[in-house]
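> I'll drop the sequence and a predicted model, then ask my questions.
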Protein chains: 2
Amino acid sequence: MGGPEVERLAALLAKLPGLGPRSARRAVLHLLKQRDTLLTPLATALEETAAAVSTCTVCGNLDTTEPCGICRDPQRDRSQICVVEEVGDLWALERAGVFGGLYHVLGGTLSALDGVGPEDLRIADLVTRASDETVKEVILATNATVDGQTTAHYVTDRLQGAGVKVSRLALGVPVGGELDYLDEGTLGAALKARREL
Amino acid sequence: MGGPEVERLAALLAKLPGLGPRSARRAVLHLLKQRDTLLTPLATALEETAAAVSTCTVCGNLDTTEPCGICRDPQRDRSQICVVEEVGDLWALERAGVFGGLYHVLGGTLSALDGVGPEDLRIADLVTRASDETVKEVILATNATVDGQTTAHYVTDRLQGAGVKVSRLALGVPVGGELDYLDEGTLGAALKARREL
């Protein structure tokens, strides 16, 4: 219904996490009802975001500057690097405001099932960064899932000889849970109680 | 996080039905991860939809032609007009494939609370259409909510003297439910068992 443009728009919206085919159609109608206040601004915002935002070549964060705002911030503690799976996890930690060091985004986890090997993640870059003498500690903040823990173990092995302390978020993170869904209290407690590997 | 462009995009996405502030941020990351396959096509699809789709001046449907595909279709039964609240309800009936006549979209319901009066809905247009001698029956398919039923009663009164039979979807529609969420069987049964007012 509504012609091929509507069908295509609904199909694209249905690919967003949280929207299915039916809610995507509702979203299209919602957008068409609010052309000037929602549809057009959304199209513009998408284009501006695509043009402005890029991946930080140092840590893998997404930001409008290169390197990103965190990597450029002189106030951040450059002796600590917190390793996360995805940019969403980095943002979750920043929202919680519990960490003052730098980050490193792996871009996923090792997964035999999905064919993701070490060369598909930013692990070599991490080893290079960790080998710099200013870095004293690497904090592994991968998810408390099987893949996240497997990845943390692998990264720990790779960091042997880099001359850094390697620690891991305390298991205050609920087993099977994902960082992006946790509250500040849990994130903060888990960071404080991190244990050396 | 991610700069003002990301914040603005997340704020706009959060206005879509089905997405909240947190899922909107997840959607932004999802879009940035799939720039070429999702973000850019979505921006294009939004613009093309805005440019191509308009409201049918006859029935209020949204389509790429004027009048809409249903109003132009010579196969449709021009003696019946089905009155719905919103375009989403029209599309739900079309997906069910249970009605072969024409439609009329009111654009909402009467609501004292929200300050929606008869002049805010396409009721006068409906009376004009119903007064045409080709039209034999007006089927009221507003939602089975208090506002929907109030509106159906008001429309029934306004159609007195237009020389048409006025009927209403049978109460196979669950009380308090909305058309867009119903299966074809329920919609079809309700249409068949419609009763004359």
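Structure's in. What do you need?
> ok, so what distance separates residue A:178 from chain B?
Distance from residue A:178 to chain B, counting by Cβ to the nearest Cβ, to the nearest Å: 11 Å. Every residue, glycine included, has its C-beta placed from N, CA and C.
> Check the burial of that residue by counting its neighbours.
As a burial measure, residue A:178 scores 17 neighbours (other Cβ atoms under 10 Å in any protein chain shown).
> can you pull the pLDDT of it?
Per-residue confidence (pLDDT) for residue A:178: 73.
> Where does residue A:162 sit: helix, strand or coil?
Three-state assignment for residue A:162 (DSSP: H, G, I helix; E, B strand; the rest coil): coil.
> List the contacts of it.
A:127, A:130-131, A:138 (Cβ atoms under 8 Å, 6 or more residues apart in numbering or on different chains).
> top of those residues by neighbour count?
residue A:138 (25 neighbours).
> quick check, that residue in a helix?
No: counting by three-state DSSP, residue A:138 falls outside a helix, being strand.
> care to break chain A down by domain?
What automatic domain parsing lists as the domains of chain A is A:4-52, A:62-168.
> Now for the closest residue to residue A:69 other than its chain neighbours, how many residues are close by?
Nearest residue to residue A:69, sequence neighbours excluded (Cβ to Cβ, 6 or more residues apart in numbering or on different chains): residue A:63, at 5.5 Å. With neighbours defined by other Cβ under 10 Å, the count for residue A:63 comes to 23.
> Confirm for me that residue A:63 is in contact with residue B:4.
No: using Cβ atoms under 8 Å as the test, residue A:63 is too far from residue B:4 to be in contact (10.8 Å).
> okay, stretch A:47-62 in PDB with CA atoms only?
Output of stretch A:47-62 as PDB, limited to C-alpha atoms (Å, rounded to 0.1, in the frame of the first residue of the first chain):
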ATOM      1  CA  GLU A  47      22.800  12.700   5.700                       C
ATOM      2  CA  GLU A  48      24.600  15.000   8.100                       C
ATOM      3  CA  THR A  49      25.500  12.200  10.400                       C
ATOM      4  CA  ALA A  50      26.800  10.100   7.600                       C
ATOM      5  CA  ALA A  51      29.000  13.000   6.400                       C
ATOM      6  CA  ALA A  52      30.200  14.100   9.900                       C
ATOM      7  CA  VAL A  53      30.800  11.000  11.900                       C
ATOM      8  CA  SER A  54      33.700   8.700  11.300                       C
ATOM      9  CA  THR A  55      35.500   5.900  13.100                       C
ATOM     10  CA  CYS A  56      38.500   7.100  15.300                       C
ATOM     11  CA  THR A  57      41.600   5.500  13.900                       C
ATOM     12  CA  VAL A  58      43.100   5.300  17.400                       C
ATOM     13  CA  CYS A  59      40.400   3.700  19.500                       C
ATOM     14  CA  GLY A  60      37.500   2.800  17.100                       C
ATOM     15  CA  ASN A  61      35.000   5.200  18.700                       C
ATOM     16  CA  LEU A  62      32.500   7.000  16.400                       C
END
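> Just checking that stretch against chain B, any contact.
Yes: using Cβ under 8 Å from any Cβ of the partner chain, stretch A:47-62 reaches chain B at A:47-50, A:52-53, A:61-62.
> On the pLDDT front, check the residue positioned nearest the centre of chain A for me.
Closest to where the C-alpha atoms of chain A average out (Cα atoms, centre = their mean) is residue A:87, at 1.8 Å. Model confidence at residue A:87, given as pLDDT, is 93.
> so what's it up against?
Contact partners of residue A:87, counting by Cβ under 8 Å, 6+ apart, are A:60-62, A:105, B:2, B:29, B:32.
> run the last query once more with 10 Å
Residues counted as contacts of residue A:87 (Cβ atoms under 10 Å, 6 or more residues apart in numbering or on different chains) are A:55-56, A:59-63, A:68, A:103, A:105, A:107, A:180, B:1-2, B:28-29, B:32-33.
> hmm, back to that, mutual contacts of residue A:63 and residue B:4, please.
Contacts common to residue A:63 and residue B:4, judged by Cβ under 10 Å, 6+ apart, are residue A:52.
> need the domains of chain A in TSV with distance to residue B:41, can you?
Below are the domains of chain A laid out as TSV (distance: least, Cβ to Cβ, whole Å):
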stretch	distance to residue B:41
domain A:4-52	6
domain A:62-168	19
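> Quick check: which of these is nearest to residue B:74?
domain A:4-52 (21.5 Å; Cβ to Cβ).
> The closest one - what's its average pLDDT?
93.
> Quick check: end-to-end length of it?
30 Å (Cα to Cα, to the nearest Å).
> about what we covered before: restricted to buried residues, select the contacts of residue A:87 in ChimeraX.
Per 16 or more other Cβ atoms under 10 Å in any protein chain shown, the buried members of the contacts of residue A:87 correspond to this ChimeraX selection:
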select /A:55,56,59,60,61,62,63,68,103,105,107,180 /B:1,2,28,29,32,33
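> picking that back up, just the ones of the residues of stretch A:47-62 next to chain B in strands?
Counting by DSSP state E, the residues of stretch A:47-62 next to chain B place residue A:62 in strands.
> top of the residues of stretch A:47-62 next to chain B by neighbour count?
The residues of stretch A:47-62 next to chain B, ranked by neighbours (other Cβ under 10 Å): first place residue A:49, 26 neighbours.
> So which of the contacts of residue A:87 belong to helices?
Among these, the members falling in helices are B:28-29, B:32-33 (criterion: DSSP state H).
> among these, which are in reach of chain A?
Subset of the ones in helices among the contacts of residue A:87 in contact with chain A: B:28-29, B:32-33, counting by Cβ under 10 Å from any Cβ of the partner chain.
> Can you tell me which of those lies closest to residue A:113?
The nearest member of these to residue A:113, counting by Cβ to Cβ, is residue B:33 at 19.4 Å.
> Show me what the longest strand along chain A is packed up against.
In chain A, taking DSSP E as the definition, the longest strand is strand A:77-84. Applying 3 or more Cβ pairs under 10 Å, 6 or more residues apart in numbering or on different chains; DSSP states H and E, one finds that strand A:77-84 contacts helix A:87-96, strand A:101-105, helix A:123-130, strand A:137-140, helix A:146-158, strand A:165-168.
> now, of those, which is deepest in the fold?
Most buried of the helices and strands packed on strand A:77-84, by mean neighbour count (mean count of other Cβ atoms under 10 Å in any protein chain shown): strand A:101-105, with a mean of 23.
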